[in-house]
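Participant: Structure for this input, please:
(chains A, B, C and D)
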There are 2 protein chains.
Amino acid sequence: MNIGEIARRAGVSRSTVSYAISGKRTVSEATRRRIQHVIDELDYRPNANARALKEGRTRTIGLVIPPASRRLTDMQLDFVAAVVDAAAHADLDVLLSPSGGDHDRSFERVVTGRRVDGVILMEIRLEDARVGRLQQAGLPFVGIGRTSHPDGMWWVDIDYTALIAKCVNHLADLGHRHVALINRSAELVAAGYGPAHRALAGFKEAIRRRGITGVDYCCADDSAAGEACLQQILREHPEVTAAATINEAALPGIQRALESAGLTVPGDFSVTGVAASHWAENFRPQLTAADVPALDMGAHAVSLLTECISDPDAAPKHLLLTPPISLRGSTGPARR
Amino acid sequence: MNIGEIARRAGVSRSTVSYAISGKRTVSEATRRRIQHVIDELDYRPNANARALKEGRTRTIGLVIPPASRRLTDMQLDFVAAVVDAAAHADLDVLLSPSGGDHDRSFERVVTGRRVDGVILMEIRLEDARVGRLQQAGLPFVGIGRTSHPDGMWWVDIDYTALIAKCVNHLADLGHRHVALINRSAELVAAGYGPAHRALAGFKEAIRRRGITGVDYCCADDSAAGEACLQQILREHPEVTAAATINEAALPGIQRALESAGLTVPGDFSVTGVAASHWAENFRPQLTAADVPALDMGAHAVSLLTECISDPDAAPKHLLLTPPISLRGSTGPARR
DNA sequence: TCGATTCGTCGAATCGGTTCGACAACGCGG
DNA sequence: CCGCGTTGTCGAACCGATTCGACGAATCGA
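Facilitator: Got it, this is the predicted structure:
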């Protein structure tokens, strides 16, 4: 079932079979048909490894995801799905590599094994050794997120700074004078996770601009932590009348804490932030929030990657998305 | 940066370098060290495609997931994560292929391109053309789930029949005489999705055994559908005092419908079923449910796959899991 | 009718590894 | 000192494709 077998049965040379398949040289209609017939009969498909070896490219992209042990957020999952889908449409295969630490075998294999033509790197931290590793290896890659100095790299990111600022402005417009930010987990912040840092920066800046007061809390990515976190906020800062969050997994807990404190939304307390649409829609009333366009991001990342694979010396491009905030029911005028 | 370059710099032949790396023949300590030194210096790693070509195996497994367009359930996601993790531990790479229809290019590439040594096939339907395709291609594979005649194949599955029967028995023991099954979506049932069919079979059988009455409903995989579904049940069958479900995404909606109907859990209405732990824990009170051991399943699937790759003629093995039901707070005696 | 194109096909080289058979150097027992 | 087994290394074949240069046959213009 290799190309030689096809050639033998069709009574031609191996190169003729190759040209008949690729169309890179003219082959007479008669032999083309004869070859195609044998191919169909034997259900032949060229060996991808042999082809990759000779051509020097694999038609495969690597997708480096956070380690499986840490539960992926819904946004990240949407993103993975979008990348896989977009890649499939471009006839690219996707090699998955779970990688968290800066040195693990799976990542090394992807980087140095010449198994992929390029890489999409998720969950980039402000300082990320993997970026350097990829650059050093000369492997084209697109980051989801960006380091603190992203000038030399290709990336797609969401402007958390602007989004959280928008949320704060929205709350301030509604008369809230004391607001809270419910951030991602302390570990992620300590690890230099970009969205957490940038959201915090946007929060502080917006607070300052609007002359209101703000408190910020880290919160693990689960509903129990969200519940505890909001309870803590209510206890330590009873003046707070609204919260913004980028921690979607905390939302059910936030909801429960508000309910058990006897606070109605949005009458007594407003909630807003950034969340995948299905979390926003599961909140009651539905959450006024920026919908992360994970599907678009995935598609964009793939198309940027194909671009920088085909022209590695091109000037790096990037895409900073600021999705609009959908006004649903969870924000309202501050209680007096 | 190929093996010839290493050989040249170390002053040995290419084969010696290969043997020094693989250890398949003895190499003197002195040359081994010299070669290793050059390798470290140049950060050399053998080309995975060339190796795969010669060795006839790729050290890569394919993971065929439902198409990205359809949102994966949390259980499926846990499962993907588990497979990726287990594969990484076994130094295997994972090639992802989204495939739903029986004929798409991505799946065909995986099956016929000799890019993978074996495949893990998710979301198998009772009649699944992909199973036949894989068997015909002679590619080792392990199914997550099983067809209606799974004798010739390797698989790992959850015994939904037994689980739902257990749930019904539990409810019957608590005195419930009228129970409902909230199944997955009608489309999945129509497509012959195994868990949906087997859960229904288990439900009907258990109902009959215990001499109680049961109604079953299909429900799309989202909370809005769950809410609508439970409302419909309450309206059409007000005698029902308990529900079992395998539709975790419907749980928040079920909760909301119960709340807005003024029913308390478990005082007025009991809920149980099969759900990933985080859905069960987000229910209030927490859901009495079978926790799907997705992580174990993933690990088992990978280890079965490596086994059937190394010995394709072995008698097929399989694993039918019946996880225990964790008693939490969402079930109680039937209301009078 | 002859030389120049064009067309279709072939053989051989190549990609970067692995692996088999051969063989020289060496140590050892008799 | 000879024959033998062991050890370390090498050269060459091979995996399955792609691709380049060459070449015979058909076609064309002059």
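Participant: rest of the way, CA atoms for contacts and neighbours
Facilitator: Fine.
Participant: Pull out the buried positions in stretch A:23-43.
Facilitator: Buried residues in stretch A:23-43, counted by 16 or more other C-alpha atoms under 10 Å in any protein chain shown: A:T31, A:R32, A:I35, A:Q36, A:V38, A:I39.
Participant: Same question for stretch A:112-120.
Facilitator: Quick answer for stretch A:112-120 (16+ other C-alpha under 10 Å): A:T112, A:R114, A:R115, A:V116, A:D117, A:G118, A:V119, A:I120.
Participant: Check for me that the fourth one belongs to a strand.
Facilitator: Going back to what we said before, that points to A:V116. No. Assigned with DSSP: H, G, I helix; E, B strand; the rest coil, A:V116 falls outside any strand and is coil.
Participant: residues in chain A within reach of DNA strand D, list them.
Facilitator: Contact residues (C-alpha under 7 Å from any atom of the strand) of chain A with DNA strand D: A:1-4, A:14-16, A:18-19, A:21-22, A:24, A:45-48, A:50-51, A:53-55.
Participant: And the strands in the stretch 1-150 of chain A, which stretches?
Facilitator: Taking DSSP state E, counting those that start in this stretch as the test, the strands found in the stretch 1-150 of chain A are A:60-65, A:93-98, A:118-121, A:141-144.
Participant: Packing partners of the first one?
Facilitator: With contacts taken as 3 or more C-alpha pairs under 8 Å, 6 or more residues apart in numbering or on different chains; DSSP states H and E, strand A:60-65 sits against strand A:93-98, strand A:118-121.
Participant: Show me what the shortest one is packed against.
Facilitator: Applying 3+ C-alpha pairs under 8 Å, 6+ apart, one finds that strand A:118-121 makes contact with strand A:60-65, strand A:141-144, helix A:294-310.
Participant: now, of these, which is deepest in the fold?
Facilitator: Among these, ranked by average contacts under mean count of other C-alpha atoms under 10 Å in any protein chain shown, first place goes to strand A:141-144 (a mean of 26).
Participant: The very next helix or strand once past that strand pairs with which strands, parallel or anti?
Facilitator: Following strand A:141-144 in sequence order, the next helix or strand is strand A:154-158 (DSSP states H and E). Counting by DSSP bridges, the strands paired with strand A:154-158 are strand A:141-144 (parallel), strand A:318-321 (parallel).
Participant: Just give me how far the first one sits from the chain centre.
Facilitator: Relative to the chain's own centre, strand A:141-144 is displaced by 9 Å; criterion: C-alpha atoms, centre = their mean, to the nearest Å.
Participant: Kindly reformat the helices and strands packed on strand A:118-121 as TSV containing distance to B:G226.
Facilitator: Output for those, formatted as TSV (distance: least, C-alpha to C-alpha, whole Å):
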stretch	distance to B:G226
strand A:60-65	31
strand A:141-144	34
helix A:294-310	25
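Participant: got TSV for the ones you listed, with mean pLDDT too?
Facilitator: Listed next are the helices and strands packed on strand A:118-121 as TSV, based on pLDDT from 0 to 100:
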stretch	mean pLDDT
strand A:60-65	95
strand A:141-144	96
helix A:294-310	94
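Participant: which one of the buried residues of stretch A:112-120 is nearest DNA strand C?
Facilitator: Closest approach to DNA strand C among these (C-alpha to the nearest atom of the strand): A:R114, at 8.9 Å.
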